[in-house]
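Visitor: task: produce atomic coordinates for the following.
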Amino acid sequence: MTAPGAEPENDTPASTPRMSRRVRHWLAGAGITALAATLGITLAVRGGATPACAAPPSGNTVHKGKASFYDAGRSGGNCSFPGPPADRLYVALGSSQYSGGAACGSYLDVTGPKGTVRVMVMDQCGGCGPTKIDLSTEAFTRIADRSQGIASVTYRAALNPPLDGGLTFRIKGGASQYWFAVQVGNHGNPLRSVEAKGTSGGFRKAARQTDNYWTIEGGLGPGPYSITVTDVYGQKATATGIRMVTKQVQRSTVSLISPATPSSSPSAPASPSAPPPSPTPTESLTPTTTVEAIAGAAPLPGPRC
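Guide: Presented below is the predicted three-dimensional model:
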C-alpha cells in the first residue's frame, strides 16, 4: 500500500509521458482545497452556523413551503424570550431565515388550507430547510388540520404589525457596567441595528448575537442608558432611562411603528398580533422608561444575497 501523499511507483505506462511533479502537486493541492471547502460548508451546515447568504423574511416577498408543528412549552426558544407569546402563536425558522437571530421578534403571516395566522418568530428549527417552517401547535391548527402533520403554506413578513405597548428592553444576566448586553422586544419588524450609550460618551454600536441579545464589549458604565433601535426599513426610535437591572423586562412607550402606519397583510384575514412575551414569575416589570421618538425613514429595500 502506498502511504498517503507518497508518489505511487509505476503509476503510468513507460510509453505515456508523466505529468511534471509541479503539475501533479498543483492538482493535488487544488483537490485538497476543494475538499476542505466542501467539508467546511458541510460542517458549518451541520453545526448550525448561519449560511453566508441569509436574511429574515422582509418586504413583500411571498415564500412558498411546508409547515409542521411543535410545542415549545414555557420556553422562549432560541430567541431567549422570557416565554412564548400569551396567545402561543409563534414559529421557528430554518437557519438561513433565522439568520443568526436577525428574525427574532418579527412576525409572519402564514396561509394554509384553512386560513391565515399571524405568528411571532421565536425559535430556530434545526431540521428545517430554506422554506420549511415549524409552527406552534396552536398556530398550525389555525391553518390546517393537525392530522395532516405537514401542510403546504405560503408566508410573508407582516409589515409594521400593530402591537400593544412600546419597545421592551431586557438586560442579560451577567451583564454589568463592564459588559453590556440587552434584548429588544415588541419591535414587530426585523431589526437592523442597536446602539446604546451611558451617561457619558456617544452612542456605540452593539453586536447582534445568535441568542437575540445585543452586546457591547467593555460596557457603558453603570447607566442609565439611552438605546436607539433601527429596523430593516429604516424606522428608528430611541428610549432613555434603561437601567442596569438584569433579567427584568423594562417597558417603554416608544415604538418603531407609528400608530398611523397601516399593516400589510395577505388577502386572507390574519389573526390579531401577539402581545409581547410575558415575563416568568421570577421576573418583574420596571416602571415605564422615559423615551423620545425619532421619525422613521422611508422603508429600505429588503436584504439581498
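Visitor: contacting residues around Arg208?
Guide: 100-102, 191, 194, 214 (C-beta atoms under 8 Å, 6 or more residues apart in numbering). C-beta: built from backbone N, CA, C; applies to glycine.
Visitor: ok, now Gly219?
Guide: Counted by C-beta under 8 Å, 6+ apart, Gly219 has contacts 176-180.
Visitor: of those, just say which sits nearest to Leu89.
Guide: Proximity of the contacts of Gly219 to Leu89 (C-beta to C-beta) peaks at Phe180, which lies at 31.6 Å.
Visitor: okay, and the beta partners of the closest one?
Guide: Ile216 (DSSP bridges).
Visitor: biggest strand in this structure, by residue count?
Guide: strand 115-124 (DSSP state E).
Visitor: can you name the element that comes right after the helix or strand that contains Ile133?
Guide: Per DSSP states H and E: Ile133 is located in strand 132-136. With elements assigned by DSSP H and E, the helix or strand that comes after strand 132-136 is helix 137-143.
Visitor: who touches the helix or strand following that following helix?
Guide: Reading on from helix 137-143 to the C-terminus, the next helix or strand found by DSSP H and E is strand 151-157. Under the criterion C-beta under 8 Å, 6+ apart, residues 56-67, 106-113, 133, 140, 143-144, 189-190, 266 lie in contact with strand 151-157.
Visitor: how about 6 Å then?
Guide: 57-58, 62-64, 67, 108-112, 144 (C-beta atoms under 6 Å, 6 or more residues apart in numbering).
Visitor: how about those, which pair is most distant?
Guide: Pairwise over the contacts of strand 151-157, using C-beta to C-beta, the maximum falls at Ser58 and Ala144, 24.8 Å.
Visitor: before we move on, the earlier item: any of the contacts of strand 151-157 buried? List them.
Guide: The neighbour-count criterion (16 or more other C-beta atoms under 10 Å) marks 57-58, 63, 67, 108-112, 144 among these as buried.
Visitor: what's the first-to-last distance across stretch 108-117?
Guide: 8 Å (C-alpha to C-alpha, to the nearest Å).
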